[in-house]
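> would you be able to build a 3D model of this:
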Amino acid sequence: MNIVNKLTLRQLKMNRRRTLVTIIGAIISVAMVTAVTVSVSSAMDLMKRVAISSDGNWHMRYHDMKAKDIAILQDDENVDKVVVSYPVGYSILEATKNSDKPYLFVKGYNQEGFELMPVNLIEGRLPKASNEIVIPEHLESSTGLSYKVGDKIKLDLGQRYAINEETGEKEEGALNQGYSFVRNAEGESMETFAAQQTQEYTIVGVTKKSKEEYSWSPAYELMTYISPDEIPSEATVTVSVLLKNLNVGIYEHNAALGIKVGIEVVEPNSELLACYGVNSDSSLIFALFGVVGIVLIIIMAGSISLIYNAFAISVAERSQYLGMLASVGATKKQKRDSVFFEGAVIGGISIPLGLLAGFLGMSITFGAINGMFKNIMSIEENLHLVVSPIAVISTVLISILTIFISTYIPARRASKISAIEAIRQTTDIKMNKKKIKTSKFTRRLFGFEGELALKNLKRNGRRYRATLFSLIISIILFLTTATFSAYMNRSLEMVVQNTNYDIRVSANYRNDVERKVELEKLKSLDKVEKYSLLETAYFEADLPDEMTPSHIKEFLGGIEERGYFYNVNLIALENEALKAYAQSVGTDINLLNNPQTPAAIVLNRAKFKDKETQNYRDEEVIRASINDKLTLSRREWDEASNEEKILDGEEIAFAGFAKEPPMGMGIQENDNTLNLIVSEDVLNTLMKNSNEHMGYEISSYPTMYLTSKDPFGLQKDIQALQENSGNPIYSIYNIYEEKQTSEQIQTVIKVFIYGFIVLITLVSVANIFNTISTSIALRKREFSMLRSVGMTPKGFNKMINFESIFYGLKALLYGLPISFMIMVVIYKQLSNSFDFDFFVPVGSIITVIISVFVIIGASMFYSGAKVKGQNIIEGLKDTNL
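So this is what the prediction gives:
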């Protein structure tokens, strides 16, 4: 170690506080970079495990190939393992609750299949012989058949074939699990079963439902073991391969293999391959690493701008020392290298500690958000901390680059310091009369101490700007994050706004009568607090000019030949619900219950956005009076004339008008839709008559809306009701769950956003503290001189306080407008997806204003207290060496 480096180490030890603060700042910066790289590697690992859990651990799949060609794949030098899937056959169920799922389907896997495919064993063991089988756990609840491990079952196995509707003959080619049970328009079966063999199996285990058994699949899937040697050579199999080496060349290589085995298209496991960075669509990888790159650039920019201050202050503090080195022959290179050596020492300490801090921080973070993350992503896999060699190497290289850039300018400045300039201290303090001049107003308003404080800031321009820059960066980062979070909150509110229910349920039946019957069953569930059954039929109408509001005219852009086009929803409420709703809006219920003279309550309210103010306002949807009428219609395309044809139906009168919707409905936004509330009898009559008049089949769609004190418990009860029936009756939409999921997404995002801002702010605070305290320490001689000419402790405190105020005001003067401009940019970006009014997070602005003065005040108070009590003579002798 040369003499200059030894002296540099001595300077670091002598200035322990500044060195410690610099190291802390660097540690936090390294921790942030570590958090990003580790998050990427952990996320890729999670995606990999989720892909394997969902679809299996394979890379390429060959569908419908001959069993005799399996050996070609096994012999390929890049193939590690081969999974063989063989459709043994279907078997007709003795009993089933679901008429669209009347079969069992037996699928055979080789040993690798049970190792690599997503087979989740719950009880027993996996098959090891061709006469052993595992059954799915939902088989009993869905069919009523009670099997247990050790039972023997005999199955007549065969294939399904579709029946040609015109000839009544069996179609060529067997149907697989991808084809639902075949029915005609009347719901009659249009498939036949051909038995081929009888096989007895011993049940050796119970598994979770197979991922390849879809809701529309016609059979419950059972699995058995089969050796490739036992499969007939001409039989069709599906083969999935796990490859040894992954690179972009695998697509071309496996396409060539496909040609060898008679397969034109080879299916890649795209989700899994993307996790290894091997994807035929490279844009996905570029997009992913592009986002990571942007985040790293932001961290580096913030860290460099802040850590730079520490080294710049170090050079200013050591200017006399560097000047003395120059006076005894130190070269520019030696002076420059002394700063680089200081950076190397700081990096040597901070990088290992930063890595450990980043690993620990992300481990704690992942542990805290794992539950929410699994719920949001609907996965069973945990988010683990994965420390890959690439992540560590990337972090170290980025951290070294950050520290090098932070030291470069101070190092160049150090190399230029001459002996005379350093000893005279003319570099940092500029005594330009014009620059340090203050107005008479300053003296009158703030007194002598305030004027002196302002002059001090102007004299120490470089240190002043460094402190100011740190403050401005902190303000901008904090307010940007707070704004993004606030706008995200507003977006969440918009997702769940106008909902007066917790759960929405529709029924999956072929006609509206069956759908309604199934939905009626939900009323009796214990956890239902309130319910509303709405039955909707969709019509259209053309409104005359006098009935159409101006904002609708503007929205539509112009009138058509018959008038202004409207979508019309006829919504029927049950009798008691309609009676209560009619009473709430002051409408005679008797007017609504007469099918001979159809009448409706008009929900005459919608939200429209003002183009000038960009604010939403409530507007009416139609200009009409009681007893006005509307002709319902439908549009259809006439193939003969090759033009649109309008079919007129029944007329309906307006019996009343409402501003608030019934339970289950919301307020329209920017829409030309007219919602008419009618009775069930009126809806049925209008549909029947319209079908006769228009020759157009109109159906209604019933939907049940429910509220509950325990929405999740109610959802489970509905799902249990569905499972017991054996049919996929209900489509359930839990708006309460969506709201909670959105809030959890928001919480997870906030954890990362605020984690980032806290770390950046800590770096900012550390550097602000370092800048201010060092600046005060370097002014010991100045303060001693002021005290020697009569400045009292009270006057000294006033001067320090005024300096704090000037720092804060100047930082806010620049930081707030810049932050406001960024708020506008964020709003413009989000408003493309969410329509909400621009607003400023006032609470966050107040918080940042208070925080700025607290941080500056605390730093000035701490530093001032250290120099205030020093001996005047010793202070005058201070040379900062």
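> for the rest of this, base every contact and every neighbour count on C-alpha atoms.
OK.
> report pLDDT for residue 833.
Per-residue pLDDT puts residue 833 at 58.
> how distant is whichever strand or helix holds residue 346 from the center of its chain?
Here residue 346 sits within helix 332-377, counting by DSSP states H and E. Mean C-alpha position of helix 332-377 versus that of the full chain (CA atoms, centre = their mean, to the nearest Å) differs by 25 Å.
> ok, residue 540 - how many residues close by?
Around residue 540 there are 22 other residues, counting by other CA atoms under 10 Å.
> residues touching it, list them.
Applying CA atoms under 8 Å, 6 or more residues apart in numbering, we find residue 540 in contact with 565-568, 632-635.
> tell me the secondary structure for it?
strand (DSSP: H, G, I helix; E, B strand; the rest coil).
> pLDDT score assigned to it?
pLDDT, read off for residue 540, is 89.
> tell me how far it lies from residue 556.
Computed as CA to CA, to the nearest Å, the residue 540 to residue 556 distance reads 15 Å.
> pLDDT-wise, which helix or strand of the chain ranks last?
Across the helices and strands of the chain, mean pLDDT, DSSP states H and E gives its lowest value to helix 433-436, namely a mean of 56.
> where does pLDDT dip in the stretch 351-500 of the chain?
For the stretch 351-500 of the chain, the stretches flagged by pLDDT under 70 are 375-378, 417-464, 466, 489, 491-498.
> all helices for it, in order.
Using DSSP state H, counting those that start in this stretch, the helices of the stretch 351-500 of the chain run over 389-416, 419-424, 433-436, 440-459, 461-496.
> over to the stretch 751-881 of the chain?
Going by DSSP H, counting those that start in this stretch, the stretch 751-881 of the chain shows helices at 780-788, 793-830, 842-868, 872-877.
> distance to residue 582, mean pLDDT and mean neighbour count for the ones you listed - can I get that in a markdown table?
Output for those, formatted as a markdown table (distance: least, CA to CA, whole Å; pLDDT from 0 to 100; neighbours: other CA atoms under 10 Å):
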| stretch | distance to residue 582 | mean pLDDT | mean neighbour count |
| --- | --- | --- | --- |
| helix 780-788 | 82 | 69 | 18 |
| helix 793-830 | 40 | 81 | 18 |
| helix 842-868 | 43 | 81 | 17 |
| helix 872-877 | 88 | 61 | 14 |
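> and the pLDDT for residue 136?
Residue 136 is given a pLDDT of 93.
> where's residue 368 relative to residue 490, distance?
25 Å.
> typo on my end, it should be residue 855
For residue 855, the distance to residue 490 - CA to CA - is 31 Å.
> in contact with the closest residue in space to residue 606 that isn't next to it in sequence, which residues?
Spatial nearest neighbour of residue 606, excluding adjacent residues (CA to CA, 6 or more residues apart in numbering): residue 668 at 4.9 Å. Contact analysis of residue 668 by CA under 8 Å, 6+ apart lists 605-607.
> tell me how many other residues surround residue 277.
Residue 277, neighbours per other CA under 10 Å, totals 16.
> same question but for residue 251, I mixed them up
As a burial measure, residue 251 scores 18 neighbours (other CA under 10 Å).
> phi, psi of residue 103?
phi -130, psi 160 (degrees, to the nearest 10).
> mind listing what it touches?
90-93, 218-220.
> next one: residue 710
Counting by CA under 8 Å, 6+ apart, residue 710 has contacts residue 527.
> and the residue nearest to residue 606, how far is that from residue 556?
According to CA to CA, residue 668 and residue 556 sit 15 Å apart.
> repeat that for residue 531.
35 Å.
> looking at these two, which is more packed in?
Taking neighbours as other CA under 10 Å, residue 531 and residue 556 compare with residue 531 leading, 20 against 15.
> how about the nearest residue to that one, chain neighbours excluded?
Leaving aside its sequence neighbours, residue 531 sits nearest to residue 706 (CA to CA, 6+ apart; 4.5 Å).
> out of the helices of the stretch 751-881 of the chain, the one nearest residue 621 is which?
Between residue 621 and the helices of the stretch 751-881 of the chain, the shortest separation by CA to CA is 27.8 Å, and it involves helix 793-830.
> what is the orientation angle of the closest one with helix 842-868?
150 degrees (axes from the mean of the first three to the mean of the last three CA atoms, to 10 degrees).
> other SSEs contacting helix 793-830?
helix 440-459, helix 461-496, helix 842-868 (3 or more CA pairs under 8 Å, 6 or more residues apart in numbering; DSSP states H and E).
> with adjacent residues omitted, what lies nearest to residue 586?
residue 656 (7.6 Å).
> tell me what that neighbour is bridged to.
Beta-bridge pairing of residue 656 under DSSP bridges involves residue 601.
> measure residue 538 to residue 636 for me?
13 Å.
> pick out whichever of the two has more residues nearby.
residue 538 (18 against 11).
> list the contacts of that one.
Residue 538 touches 567-570, 698, 700, counting by CA under 8 Å, 6+ apart.
> which of those scores worst on pLDDT?
Ranking those by pLDDT, residue 698 lands last with 76.
> re earlier: the residue nearest to residue 531 against residue 532, yeah?
Yes: Residue 706 lies in contact with residue 532 (CA atoms under 8 Å); the separation is 6.6 Å.
> higher neighbour count, these two?
residue 706 (25 against 20).
> just the pLDDT at the more buried one, thanks.
At residue 706, pLDDT is 92.
> isn't there a helix covering residue 173?
No: going by three-state DSSP, the assignment for residue 173 is coil, not a helix.
> so who does the residue lying closest to it once chain neighbours are set aside touch?
If the residues on either side of it in the chain are set aside, residue 173 comes closest to residue 161, at 6.9 Å by CA to CA, 6+ apart. By CA under 8 Å, 6+ apart, the contact set of residue 161 is 170-175, 191-194.
> highest neighbour count among those?
residue 191 (20 neighbours).
> in contact with that one: list those residues for me.
160-163, 170, 181-183.
> what's across from it in the sheet?
residue 162.
> and if you look at the one 10 residues further on?
Residues in a beta bridge with residue 201, per DSSP bridges, are residue 153.
> what does the pLDDT read for it?
With respect to pLDDT, residue 201 has a value of 96.
> do the same with residue 531
So residue 531 comes in at 92 (pLDDT).
> list the buried residues of the one helix or strand it maps to.
Under the criterion DSSP H and E, the helix or strand holding residue 531 is strand 530-543. Neighbour counts using 16 or more other CA atoms under 10 Å place 531-543 of strand 530-543 among the buried residues.
> so what does the one helix or strand residue 653 maps to touch, helix or strand wise?
Following DSSP H and E, one finds residue 653 within strand 643-658. For strand 643-658, the contact count by 3+ CA pairs under 8 Å, 6+ apart identifies helix 575-585, strand 599-603, strand 629-638, helix 680-694 as packing neighbours.
> run through the stretch 51-200 of the chain and note the low-pLDDT ranges.
Looking at the stretch 51-200 of the chain by pLDDT under 70, you get 185-187.
> tell me how far the nearest residue to residue 683 once chain neighbours are set aside lies from residue 686.
The shortest distance from residue 683 to any non-neighbouring residue, by CA to CA, 6+ apart, is to residue 572 (6.4 Å). Distance, residue 572 to residue 686, by CA to CA: 11 Å.
> and for residue 274?
54 Å.
> again with residue 750
Distance from residue 750 to residue 686, by CA to CA: 52 Å.
> comparing the two, which residue is more hemmed in?
Taking other CA under 10 Å, residue 750 and residue 686 do not tie; residue 686 has more neighbours (23 against 17).
> I'd guessed the more buried one sits against residue 648; true?
No: with contact defined as CA under 8 Å, residue 686 does not count as touching residue 648 (11.9 Å).
> so residue 485 touches residue 750, yeah?
Yes: the pair residue 485 / residue 750 is scored as a contact, 7.1 Å apart, by CA under 8 Å.
> quick one on the thing from earlier: using a markdown table, lay out the contacts of residue 103 together with secondary structure and neighbour count.
Below are these laid out as a markdown table (DSSP: H, G, I helix; E, B strand; the rest coil; neighbours: other CA atoms under 10 Å):
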| residue | secondary structure | neighbour count |
| --- | --- | --- |
| 90 | strand | 29 |
| 91 | strand | 25 |
| 92 | strand | 19 |
| 93 | coil | 17 |
| 218 | coil | 25 |
| 219 | strand | 24 |
| 220 | strand | 25 |
